[in-house]
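Enquirer: how would this look folded up:
(2 chains)
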Amino acid sequence: METIIDIHSAATKAAAGDNVSFEALYQQLVDRVFSFVFSRTSNREAALDVTQDTFIELYKSLSSFTYQSDGAFYAFVYTIARRQLAQYYTKSSKHAVSELDETIIASGELGADLAIEVHLALTKLDDCSREIVVLHHWARYTFAEIGVLINMTESAVRVRHHRAKVELANILTR
Amino acid sequence: MSKDTIDKMLQSSQPTLTEAERSRIWNEVASELNLQVETASPYMEFLKTYIMNPFVIAFMCIIGITSTAAAIDNAKPGDVLFLFEQFTDEVRLTIASTNRKNELRTSFATERFAELQAILDEESITENESKTLALASSKASVTSLVESVADDVTNATGLSIMSKNSTLSPILSLVAKVYADITIVTITEDGFVTRFITKANTQDALTVEIATLQGLDVATVEAVLVIETQNGVSRPSDRGDVISTSKGEARVVKAVNALINQLDGIDDNVIRGQFIAKLLHEVNGVKVSRGSSEVDDVQDNRIRIENKHVMVGEDGDYLYLSDDNDENIVDDEIDATRELRVEEEGNVNEALPNQSDVKDKSQSGNNNKNEEDKSEPGNKD
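Expert: A predicted model of the protein is given here:
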């Protein structure tokens, strides 16, 4: 369950060794990180492992982080998650989603079959479009925050997002 | 496929963590990083040392025993811990001398009486709150419906049949009984009687509250409201005459039983009569339906209890227990129908006896219960 916390305060205290603040950061971010990681692995156990490694790495790296904005902090976490994904790909010799985990636990009331269809449709998007869709719809980032994360302007993110949704609709109605 | 549909599909297919997974990841992270989220103080660390172990254990035992004893002491009839309280009371009675037993029973009866009052308070007020909520809700819907119909008629005929500022009911009476603790407002509207409890106790405050709650204008309330000042605090029968939940009924019945059981053992009819008078003062008007075929026979002024039929003498100074035929005291009979009648109310103004009174009376040797038991039952009713 995501809780609303003061990212600046929590990140600063956690960097100083305050474990309670780090746990608050974890509770705030874990769902976002997991959603993103799962979209790149489509394997639940692997996604759990990568999420876990991301937070371990985050804790170790916090002392090197200087707070500038919430967006910058999210970008920091996102960069760590991508690095952990890269390591996962290297270890498992997988570069993309080749098969979907049968144990998708989705938040909505869609059946598992339809959820799998959506996941498969996402894999057919190009990497950038898929990332924007996942970050916006699953990890609940704003377009402005996504722009910071993937180094694009907000308007460019919006345009890519719109096109991605049109493409998704086409894929799902075929 | 519309954009909204895509949005919904994406949202619904969002992968989420279960609580167990969220905890599992955190535990793994904390373990890997050797995190201690709750840092113990140096003093607590000292308590963990080998030398301190016996003291810590002894301290924990004392705390545990004390808190358990306190919990048992605060238990009320119907609570699991109340069984322990009864057990400890019985143990104390068993080892006490004859004179001391009477004092103890009086003391226990006082406790049982306080517990009964607490239970009646909790259950009666809950019932009244639910009544008030139901009233407010139904009133609002009825008002809305009537106004809607009135508007329709006005639109169709051009005739205004109701002013929205007027009261809906032409027959309305409002009576507020102001007690020392609360005020009970009884509303009679077209023969439909409802009541609610409020802390307001002045005419102005009551007028505003009634007007707000009932959707009436202040002028109407001022014109109709009758305020009656009552002596003393309210009784359950004043506050609400029904305890509706089966749990509430069971608690009251158990509390009454627990008190009667203590009174049964007191060898002083004056003291017992005083307790019974106070008991009847509390339960008079409380209706209890036990969900059996016997319910239909229960009169408004009775409370049915499980194994006692209690009556108070005309002058309120004795009681006897009997079955339906008023012939014998039968403590072990299970199937007999017995009730606590409240039609003969004793002297409610007498205070409960204090310990010195009890001692004096128990030493006097008068008013022996057994003598009353032998002589009175056949003469009553």
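Enquirer: give me the number of residues near the closest residue to A:Tyr141 other than its chain neighbours?
Expert: Excluding the flanking residues, the one nearest A:Tyr141 by C-beta to C-beta, 6 or more residues apart in numbering or on different chains is A:Leu135, at 4.7 Å. No exception for glycine: its C-beta is placed from N, CA and C like everyone else's. A:Leu135 has 25 neighbouring residues, counting by other C-beta atoms under 10 Å in any protein chain shown.
Enquirer: what do you get for A:Trp138?
Expert: Neighbours around A:Trp138, by other C-beta under 10 Å: 23.
Enquirer: so which helix or strand takes in the nearest residue to it once chain neighbours are set aside?
Expert: Distance criterion C-beta to C-beta, 6+ apart; nearest residue to A:Trp138, sequence neighbours excluded, is A:Ser35 at 3.7 Å. Taking DSSP states H and E as the criterion, A:Ser35 maps to helix A:19-41.
Enquirer: For that helix, give the mean pLDDT please.
Expert: Helix A:19-41 comes out with an average pLDDT of 88.
Enquirer: I'd like to know how many residues surround the residue in the stretch 251-381 of chain B positioned nearest to chain A.
Expert: Nearest residue of the stretch 251-381 of chain B to chain A (C-beta to the nearest C-beta) works out as B:Arg251 at 37.0 Å. Neighbour count of B:Arg251, defined by other C-beta under 10 Å: 23.
Enquirer: I'd say A:Gln28 and A:Ala11 touch.
Expert: No: if you go by C-beta atoms under 8 Å, A:Gln28 and A:Ala11 don't touch, sitting 10.2 Å apart.
Enquirer: Give me the more crowded residue out of these two.
Expert: Neighbour tally, A:Gln28 and A:Ala11, criterion other C-beta under 10 Å: the higher count belongs to A:Ala11, 25 against 17.
Enquirer: Need the three-state assignment for the more buried one.
Expert: helix (DSSP: H, G, I helix; E, B strand; the rest coil).
Enquirer: now swap in B:Pro77 and tell me
Expert: For B:Pro77, the assignment made with three-state DSSP gives coil.
Enquirer: check contacts around it.
Expert: When contacts are counted by C-beta atoms under 8 Å, 6 or more residues apart in numbering or on different chains, B:Pro77 touches B:Arg112, B:Glu115, B:Leu116, B:Ile119, B:Arg251, B:Lys254, B:Ala255, B:Asn257, B:Ala258.
Enquirer: Could you pull up phi and psi at A:Leu125?
Expert: phi -80, psi 160 (degrees, to the nearest 10).
Enquirer: Could you measure from the residue lying closest to it once chain neighbours are set aside over to A:Glu131?
Expert: Leaving aside its sequence neighbours, A:Leu125 sits nearest to A:Ala164 (C-beta to C-beta, 6+ apart; 5.6 Å). To A:Glu131, A:Ala164 is 9 Å away according to C-beta to C-beta, to the nearest Å.
Enquirer: Just list the residues touching the residue most central in space within chain A, thanks.
Expert: In chain A, the residue lying closest to the centroid (C-alpha atoms, centre = their mean) is A:Phe36, at 2.5 Å. Contacts for A:Phe36 (C-beta under 8 Å, 6+ apart) come out as A:Tyr78, A:Ala81, A:Val134, A:Leu135, A:Trp138, A:Ala139.
Enquirer: For the helix or strand where A:Leu58 lies, name the packing helices and strands.
Expert: Counting by DSSP H and E, the element that carries A:Leu58 is helix A:44-61. Where contact means 3 or more C-beta pairs under 8 Å, 6 or more residues apart in numbering or on different chains; DSSP states H and E, helix A:44-61 is packed against helix A:19-41, helix A:70-92, helix B:19-33.
Enquirer: at 10 Å what do you get?
Expert: With contacts defined as 3 or more C-beta pairs under 10 Å, 6 or more residues apart in numbering or on different chains; DSSP states H and E, helix A:44-61 has these neighbours: helix A:7-15, helix A:19-41, helix A:70-92, helix B:19-33.
Enquirer: buried stuff in the shortest one?
Expert: Counting neighbours by 16 or more other C-beta atoms under 10 Å in any protein chain shown, one finds that the buried residues in helix A:7-15 are A:Ile7, A:Ala10, A:Ala11, A:Thr12, A:Lys13, A:Ala14, A:Ala15.
Enquirer: pretty sure the second one is in contact with A:Ser21, am I right?
Expert: Yes: counting by C-beta atoms under 10 Å, A:Ser21 is a contact partner of A:Ala10 at 4.5 Å.
Enquirer: For the residue nearest to A:Trp138, list the residues it contacts.
Expert: Counting by C-beta atoms under 10 Å, 6 or more residues apart in numbering or on different chains, A:Ser35 touches A:47, A:51, A:107, A:134-135, A:137-140, B:14-17.
Enquirer: can you tell me which of those residues are in helices?
Expert: A:Ala47, A:Thr51, A:Val134, A:Leu135, A:His137 (DSSP state H).
Enquirer: show me the contacts for the closest residue in space to the third one that isn't next to it in sequence.
Expert: Excluding its sequence neighbours, the residue lying closest to A:Val134 (C-beta to C-beta, 6+ apart) is A:Ser39, at 4.2 Å. Contacts of A:Ser39 were listed using C-beta under 10 Å, 6+ apart, and they are A:47, A:97, A:119, A:122-123, A:130-131, A:133-135, A:137-139, B:14-15.
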